[in-house]
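1. Dropping the sequence and predicted coords here.
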Amino acid sequence: MSRAFPDYRIQNFWEHLRWFLDESLSLTTGGIVTTVDISALKIFSPAAQHFKIETTDDDKNVRIQSRDYASTSGEFSAIQCKPNITTQGTVTIYGMEISPRFARGAGGNTLVGIRSTPILKGASGTVDGTLTGDIRVFQAEVTDENVAGRTITGVVSMLWCWHQLASHTFTGGIYVMDLRTAGGGKGWDGFVNVQASGDAGFSVSSDGMFRDPESHTEAGYVTITIAGTDYEIPFYASS
């Protein structure tokens, strides 16, 4: 059973909420609220205030689009957020900001900003289904309308890493990336997969380096840690 919101436009958020609760309670059967149609509704926060959605219990979360999709073709996006700057100025905009934290004096276990866990579902002996494309945990794209004309004075990057941490005690170290031992029955095939030689500065070329490592001193090195041991990969200046 579902009911639509009234035709008149309600400008005040609290009137929206009051109407929604009244309708929900009127549709309650045995303490379970059935469907309320809000297809024509826009909910605005009161002026100069944030819009908050919170759960009461710590072990409960806010769930959006956690449902089954029965379509057999097409491409779908479960959640969309596209803020659009429409006035010339000096604005900086963030599409999403996630900032979990430990309060002062509070300790715990692990602090994770974003956890993305695509999963291939299936119980033992019943796993099947072929994916003809990729599996991507994060897909970073910067696009335009295929027309040049803007000036970007900063750097364009797919991943921007920075930290501002005081001299706490870090027994495990601080790294840009932390590669863990693969679980399951399949290990990693490599560190990075480059589509073609020359992409992103990765070149396959015999004796093609500007500086010959056999006759020149390295200009620096990159440190990697494997199983607790530090190793150094040298690099050479190109001029």
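-> Looks like it came in fine. Numbers count the residues shown, from 1 in each chain.
2. From here on, just use CA atoms for contacts and neighbour counts.
-> OK.
3. From the centre of this structure, give me the residue that's furthest out.
-> S215 (44.9 Å; Cα atoms, centre = their mean).
4. Now do the phi/psi pair for I226.
-> phi -120, psi 120 (degrees, to the nearest 10).
5. Any chance you could list what contacts stretch 182-200?
-> 181, 202-204 (Cα atoms under 8 Å, 6 or more residues apart in numbering).
6. and that stretch, which residues are buried?
-> For stretch 182-200, the neighbour count (16 or more other Cα atoms under 10 Å) marks no residue as buried.
7. Low-confidence stretches in the protein?
-> Within the chain, the segments meeting pLDDT under 70 span 1-41, 207.
8. one more time with 50
-> The chain contains residues with pLDDT under 50 at 1-2, 7-11, 27-29.
9. May I see the domains of it written out as residue ranges?
-> 1-52, 201-239 (automatic domain parsing).
10. rewinding a little: turn the contacts of stretch 182-200 into JSON lines, columns for secondary structure.
-> Below are the contacts of stretch 182-200 laid out as JSON lines (DSSP: H, G, I helix; E, B strand; the rest coil):
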{"residue": "T181", "secondary structure": "coil"}
{"residue": "F202", "secondary structure": "coil"}
{"residue": "S203", "secondary structure": "coil"}
{"residue": "V204", "secondary structure": "coil"}
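11. which among those residues end up buried?
-> Among these, none counts as buried (16+ other Cα under 10 Å).
12. want to throw the residues you listed into a markdown table with distance to A237?
-> Below are those laid out as a markdown table (distance: Cα to Cα, whole Å):
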| residue | distance to A237 |
| --- | --- |
| T181 | 33 |
| F202 | 15 |
| S203 | 15 |
| V204 | 18 |
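13. and which of these is nearest K82?
-> F202 (33.7 Å; Cα to Cα).
14. how far away is the closest residue in space to that closest one that isn't next to it in sequence from T132?
-> The shortest distance from F202 to any non-neighbouring residue, by Cα to Cα, 6 or more residues apart in numbering, is to V194 (7.4 Å). Taking Cα to Cα, to the nearest Å as the measure, V194 and T132 are separated by 20 Å.
15. Ok, Q195 next?
-> The gap separating Q195 from T132 is 18 Å, by Cα to Cα.
16. Kindly report the same for L159.
-> From L159 to T132 the distance is 27 Å (Cα to Cα).
17. Over to T86?
-> Distance from T86 to T132, by Cα to Cα: 39 Å.
18. Helix or strand: which one has Y231?
-> Element membership for Y231 (DSSP states H and E) is strand 229-235.
19. contact partners of that strand?
-> Here strand 229-235 has contacts from 218-225, using Cα under 8 Å, 6+ apart.
20. now with 10 Å?
-> Strand 229-235 is contacted from outside by 211, 213, 217-225, using Cα atoms under 10 Å, 6 or more residues apart in numbering.
21. Nothing else from me, thank you.
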